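Novice: From the sequence below, what's the structure:
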Amino acid sequence: MAELEVEIVAADHFVWSGAAKMVKARTSDGEIGILPGHSPVLAILAEGQLAIEPVSGDRIAVDVDGGFFSVDNDRVVIVADNAQLGDAATAGIR
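Specialist: Below you'll find the predicted structure:
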């Protein structure tokens, strides 16, 4: 099964990385959902919540204050101005 390689960083700290089945975020153009095989995209990240469905474990929520969102070759990189993991997000933390 194909999977995404996801990395989330804030301006001043590492937030989360790991393998995922799906990533959903709010961009300046609206919501975007990323599955393996998605075409490359670069978007401005809007304030809101990211949803990550890891390959194993519970869904992860990350609150972000803006930044950018990049997808290329099943690699998702999210660079946020500020980001904080939700309470249920513990799996995959470095």
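Novice: low-confidence ranges in this protein?
Specialist: The model of the chain has pLDDT under 70 over residues 1, 87-94.
Novice: ok, 50 please
Specialist: When residues are selected by pLDDT under 50, those of the chain lie in 88-94.
Novice: By residue count, tell me the biggest strand in it.
Specialist: What stands out as the longest strand in the chain, according to DSSP state E, is strand 14-27.
Novice: you'd agree Gly86 is up against Ala61?
Specialist: Yes: using CB atoms under 8 Å, Gly86 is in contact with Ala61, at 3.5 Å. In this view, the C-beta of every residue, glycine as well, is placed from N, C-alpha and C.
Novice: what bridges to Thr27?
Specialist: Note on Thr27: beta-bridge partners Gly30, Leu45, judged by DSSP bridges.
Novice: Buried residues, the longest strand of the chain. List them.
Specialist: For strand 14-27, burial by neighbour count (16 or more other CB atoms under 10 Å) applies to Val15, Trp16, Ser17, Gly18, Ala20, Lys21, Met22, Val23, Ala25, Arg26, Thr27.
Novice: again with stretch 36-51
Specialist: Neighbour counts over stretch 36-51 (16+ other CB under 10 Å) mark His38, Ala43, Leu45, Ala46, Leu50, Ala51 as buried.
Novice: Among the residues you listed, give me the pair with the biggest separation.
Specialist: His38 and Ala46 (18.6 Å; CB to CB).
Novice: could you say which helix or strand contains the closest residue to Arg75 other than its chain neighbours?
Specialist: Setting aside the residues directly before and after it, Arg75 is nearest to Glu5 in space (CB to CB, 6 or more residues apart in numbering), at 4.8 Å. If you go by DSSP states H and E, Glu5 is part of strand 4-10.
Novice: ok so, going back, what residues do Gly86 and Ala61 have in common as contacts?
Specialist: Residues touching both Gly86 and Ala61 by CB atoms under 8 Å, 6 or more residues apart in numbering: Gln49.
Novice: Tell me who's in contact with Lys24.
Specialist: The neighbourhood of Lys24, defined by CB under 8 Å, 6+ apart, consists of Glu31, Ile32, Gly33, Ile34, Leu50, Ala51, Ile52.
Novice: No further queries at this time; thank you.
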